[in-house]
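> make a model of this:
(one chain, ligands or ions: 1)
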Amino acid sequence: MKDEYTPPKVWTWDSENGGAWASLNRPIAGATHDKELPKGKHPLQLYSMGTPNGVKVTIMLEELLAAGFDGAEYDAWLIQIGEGDQFSSGFVEINPNSKIPAMLDTTTGLRVFESASILVYLAERFDNAFLPTDLPARTETMNWLFWLQGSAPYLGGGFGHFYAYAPYKMQYPIDRFTMETKRQLDVLDRHLAEHEYLAGEAYTIADMATWPWYGRTVAGESYDAGEFLDVGSYKNVLRWYEQIYARAPVKRGRMVNRTAGSPEEQLLERHDASDFETKTQDKLT
Ligand SMILES: N[C@@H](CCC(=O)N[C@@H](CS)C(=O)NCC(=O)O)C(=O)O
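Predicted coordinates:
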């Protein structure tokens, strides 16, 4: 069988193992080069890219600003993960795990990494916005937020990797992760049949975290796999996806640090609210 493999006694790093991203993957942590991070004028400095994990945070920041929290003004700097920016000494100082998104709050002097930690941090910094304070709804918000953080790696690192990025198609991992991805979509679909949002009646950080992953998937935007996953059958997830996409802050958040798609939707860096009108890629090129 083509995929059969007998592991050696001790694994060694074969830097030529192929597949998208292979040149960036290393079995060790730490910085690869010395470079400071840029700093802007706003209280919050975000270092990110418009991937699903990055978009969670830019949606939250745009939602906070739209809700009137001026202290949530932010500079969003682009970290090009395909070019290894996440391995600079400056980035590693604020996230030793070298993954976007990472944030520096210049008001408190705190670094914040892991997208869900950033969402909870921002909610708590700004009057528990989008994080209910009553115990049942707060618990349900956390349930779904942790569900997303545990589930999305199966969709991205599992299904997406083997369906779209691996050097060749292998049935065993594709079957395994397709099964799991469809099971997760069904979990969401059944829950959203009974509830307007993930935590119940309120739109929360759990929706903001889940929308860029599973919303994007039912919209057919993940890994060119809409037909393969039969995404049209998850009607309740689609209803929830569209309801959230109708929000102006979500539309804006989705554009920040975005490097793919139509140029008018790509705002590579965001330093001012007016940048959405004047600095998208269609206007700059
Ligand atoms: N659990 C992390 C995951 C972050 C993550 O995987 N980020 C990806 C982009 S979506 C990344 O920075 N990849 C770069 C790399 O692996 O070198 C979070 O939720 O923040």
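> the closest residue to the ligand within the stretch 151-285 of the chain and Glu62, how far apart?
Nearest to the ligand in the stretch 151-285 of the chain, going by Cβ to the nearest ligand atom, is Gly156, at a distance of 6.9 Å. C-beta: built from backbone N, CA, C; applies to glycine. Counting by Cβ to Cβ, to the nearest Å, the separation of Gly156 from Glu62 is 23 Å.
> comparing those two, which residue is more hemmed in?
The neighbour count for Gly156 versus Glu62, taken as other Cβ atoms under 10 Å, is higher for Glu62 (26 against 20).
> contacts only, for that one.
Pro249, Val250, Arg252, Gly253, Val256 (Cβ atoms under 8 Å, 6 or more residues apart in numbering).
> correct me if wrong: the fourth one contacts Leu65.
Right, the one you point to is Gly253. No. Contact criterion Cβ atoms under 8 Å: Gly253 and Leu65 do not qualify, at 9.9 Å.
> that's a strand at Ala76, yeah?
Yes. When classified by DSSP: H, G, I helix; E, B strand; the rest coil, Ala76 is found to be part of a strand.
> burial count for the closest residue to it other than its chain neighbours?
Leaving aside its sequence neighbours, Ala76 sits nearest to Arg270 (Cβ to Cβ, 6 or more residues apart in numbering; 4.1 Å). For Arg270, the neighbour count with other Cβ under 10 Å is 27.
> from now on call the first residue 676
From this message on, residue numbering opens at 676, which makes the last subject Arg945.
> report the contact partners of Arg945.
By Cβ under 8 Å, 6+ apart, Arg945 lies in contact with Thr733, Tyr749, Asp750, Ala751, Val931, Asn932, Phe951, Lys954.
> all set, thanks.
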